[in-house]
Every structure is written in structure tokens, then in C-alpha cells.
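>>> Predicted structure and sequence below. I'll ask about it afterward.
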Amino acid sequence: MDIIDILDAFVVADDVNDARGFMKKVKSIFKNKKKMKILGATEKPFAKVAVDGIKKVVEENGHQFALLEKYTDVNDFYAAVADADALIVRSDKVTKEVIDHAKNLKIVVRAGAGYDNLDLEACTARGIVAMNTPGQNSNAVAELVMGMLVYAVRNFYNGKSGSELMGKKLGILAFGNVGRNVARIAKGFGMDVYAYDAFMTAEQIEATGMAKAVANQQALFEQCDIVSLHIPATAETKQSINYDLVGKMHNGGILVNSARKEVIDEAGLLKLMAERTDLKYVTDIMPDADAEFKAFEGRYFATPKKMGAQTEEANINAGIAAANQIADFFKTGNKKFQVNK
Ligand code: 3PG
């Protein structure tokens with residue numbers, strides 16, 4: 001605390017003759033100005049420009065930034081988090097063990113949308129606020145989806161005649177930030193866009209003006225040429241994209257997954273693709289059974305590492321949003337994006 005802080009407290013004190021009130025203000029300003037250690041722990045690193053931006057936000061707010069990137073040993077994560085007050089992660093698993101090592105942790109922000117990598121129960125049990133940064137990387141993911149679709153309909157660029165996306169029916173499963181960005185771009189391709197979302201009514205979907213609603217999940221698979229998955233991995237959705245559901249797709253169907261590998265019943269999809277030689281599966285999340293899927297040459301593609309959100313823009317958007325959310329939480333207590341309420 002320096003002289004400026006003392007003067008600030010003096011200026012804002014209701015009654016400068018009230019010593020107790022004055023000291024209270026001094027204390028609250030001192031508390032708000034306490035330097036927090038904010039750790040960015042990203043096994044898959046952010047672009048440098050994003051890291052620089054995060055550091056700037058953290059330091060401008062009077063805190064200290066530490067960075068652990070590309071770690072291969074979880075013990076390095078445990079050691080780095082030991083004295084951290086706040087944590088920024090991507091898909092990094094914030095397990096109970098991580099929480100147990102983080103004695104000072106008050107807030108963890110998943111710089112991204114899906115927070116299935118955070119042990120929310122462990123956070124809540126310790127009174128740690130968990131947040132995500134919804135929408136910040138959704139355009140990046142949506143662009144990758146469209147790129148993978150072009151790649152798929154052009155036969156993985158093998159030189160043979162393929163087909164076009166224009167006029168094809170695209171089904172979007174879950175119509176959140178990524179799903180809507182996919183719809184926006186797909187419309188530019190001249191696709192006929194349909195959507196289903198378990199948490200939205202047909203009217204709500206159609207009110208966006210971006211997609212026609214279908215009655216249920218199954219109808220999306222029955223009616224569309226391509227289905228794009230945007231559901232989170234939850235107890236209800238895990239393994240829900242299975243043999244029966246994907247089997248509803250008509251000839252030449254394409255399934256594209258930029259959500260989570262856990263939502264796929266891999267054994268069921270492998271069985272189906274062996275029986276249905278017309279189906280293609282393209283995914284930004286390598287399945288556990290990647291080696292088996294690779295047998296479907298010309299019908300299967302997986303990125304080597306999840307790269308939907310791996311753009312400078314998405315890293316800047318999500319990373320800096322995370323840093324701002326943390327700074328604001330320490331300053332004002334704002335918990336707007338809390339996910340463990
Ligand atoms: C998300 O949930 O935001 C995306 O899957 C991106 O994940 P990533 O930060 O690990 O790339």
C-alpha cells in the first residue's frame with residue numbers, strides 16, 4: 001500500500017473525522033489492492049499474443065501473472081498451483097487433486113466454453129468460484145467445422161470428384177454459441193439449416209432466424225445430410241450419439257464432431273460404419289478408438305489435437321475474457337459467469 005492508496009481512502013471516507021470509518025476504507029482499499037497470483041496453466045498453449053494480453057490485464061489490475069505451458073507431468077501443475085489465488089485453464093483437468101494442492105485458490109476460469117474438465121464439486125466444497133468464458137471461441141470452432149465439412153465432401157482432397165455443401169441439409173445438435181455460428185456460416189454456403197436443442201423450444205430456435213427447428217434429436221438425424229454436434233459432455237449426453245441414432249441418417253450421411261469425444265458411443269459408431277460404407281465421420285476430437293476408425297479410409301478424419309479454438313483470435317478472446325473476469329471478481333466480487341452455483 002502506498003501513499004496514493006492512503007489519500008484515496010481519505011478522499012472516499014464519509015467523514016474524515018471518523019477514524020474508524022477512515023480505517024475501514026483504508027482496509028477495504030488495501031484488501032482490493034492485494035496482489036493476487038494468477039496462474040495460466042495450459043498444456044495446449046495459447047498464442048503468444050494472447051499470453052501477452054492476459055499478462056497485461058493481470059498486471060494492469062495490480063496482480064501477478066505466472067505461466068505453466070506444455071506441461072507433461074501433472075506434478076508440475078500441482079507445484080505451480082500451490083500458491084496461486086486464481087487459475088486460468090483450457091481443457092486442462094482441474095481435478096480434486098489439483099484443488100487439494102491449490103491452498104490459496106479462490107477462482108478458476110476455463111478459458112473456453114465446455115467446463116467438463118473442472119471438478120465442480122471439489123471447487124464448490126472449497127468455496128472456489130468456477131467460471132467459463134462462453135461464446136469467446138465459438139467462431140473459431142464453427143469455421144473449423146465448415147472446413148472439415150468441405151474436406152469431407154471433397155473426399156479428403158484425394159483428387160476424385162466430390163460434392164458441394166450448397167443445397168445440403170445441415171442439422172445442428174444444440175443451438176448455443178458454436179451451433180449458431182455454424183448456422184451463420186453454413187447459410188453463406190447456401191445450406192439448408194436445421195437445429196434441435198433440448199433446452200430451447202422450436203419457437204426460440206426459429207426466432208433466431210438462423211435455422212428451422214425439428215421436433216427432436218432423432219428427426220435431425222433422419223432429415224439431414226450432415227449432422228454437426230455441439231452438445232456438452234454431461235451424464236445425459238455421454239455415449240448418446242450411438243449406433244441407432246446415427247443409423248437413422250440416409251445414404252451418404254456425414255457426422256461432424258467438434259464437441260467432445262465422450263458424447264460418441266465409439267463401439268456403436270465403429271459397428272455402424274463397418275455396415276454402412278456410405279457414412280463418414282469427421283472429428284476435431286480424436287476418438288479413443290482412432291486406430292480402428294482409421295480402417296475406414298476415405299470416410300474418417302480426426303485432427304491430431306483438438307484445434308477448433310486454436311486460433312490467435314479465439315485465444316485472445318477467451319484468454320483475455322478469463323483475465324478480466326478474474327480481475328473483476330477480485331475487485332468487485334462479480335460472479336457473472338459462475339458455473340458452480
Ligand atoms: C471449448 O470447450 O471451449 C473448446 O472445446 C476449446 O477447448 P480448448 O481450449 O482445449 O481448445
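Perfect, I can see it now.
>>> looking at this, Cys123 is in a strand?
No. Secondary structure of Cys123 (DSSP: H, G, I helix; E, B strand; the rest coil): helix, not part of a strand.
>>> And it, how far from Val109?
11 Å (C-beta to C-beta, to the nearest Å). Glycine gets a C-beta too; all of them are placed from N, C-alpha and C.
>>> So for these two, which residue has more residues nearby?
Set Cys123 next to Val109 and count neighbours by other C-beta atoms under 10 Å: Val109 wins out with 30 against 23.
>>> what about this structure, any weak spots by pLDDT?
1-18, 21-33 (pLDDT under 70).
>>> Output the longest helix belonging to it.
helix 312-332 (DSSP state H).
>>> re earlier: which neighbours do Cys123 and Val109 share?
Both Cys123 and Val109 are contacted by Ala130, under the criterion C-beta atoms under 8 Å, 6 or more residues apart in numbering.
>>> and the longest helix of the chain, which residues are buried?
313-327, 329-330 (16 or more other C-beta atoms under 10 Å).
>>> What of stretch 190-201?
So, applying 16+ other C-beta under 10 Å, buried residues of stretch 190-201: 191-197, 200.
>>> Check stretch 46-56 too.
For stretch 46-56, using 16+ other C-beta under 10 Å, the buried residues are 46-47, 50-51, 53-55.
>>> The closest residue to Asp328 other than its chain neighbours: helix or strand, and which one exactly?
Nearest residue to Asp328 in three dimensions, chain neighbours excluded: Asn334, at 4.5 Å (C-beta to C-beta, 6 or more residues apart in numbering). Under DSSP states H and E, no helix or strand contains Asn334.
>>> Distance check, Asn334 against the ligand.
21 Å (C-beta to the nearest ligand atom, to the nearest Å).
>>> What number of residues are in the vicinity of the residue of the chain found nearest the ligand?
Closest to the ligand within the chain is Gly112: 2.5 Å, counting by C-beta to the nearest ligand atom. Gly112 sits with 26 neighbouring residues when counted by other C-beta under 10 Å.
>>> Name the SS class of it, please.
coil.
>>> What's the separation between it and Phe46?
In terms of C-beta to C-beta, Gly112 sits 11 Å off from Phe46.
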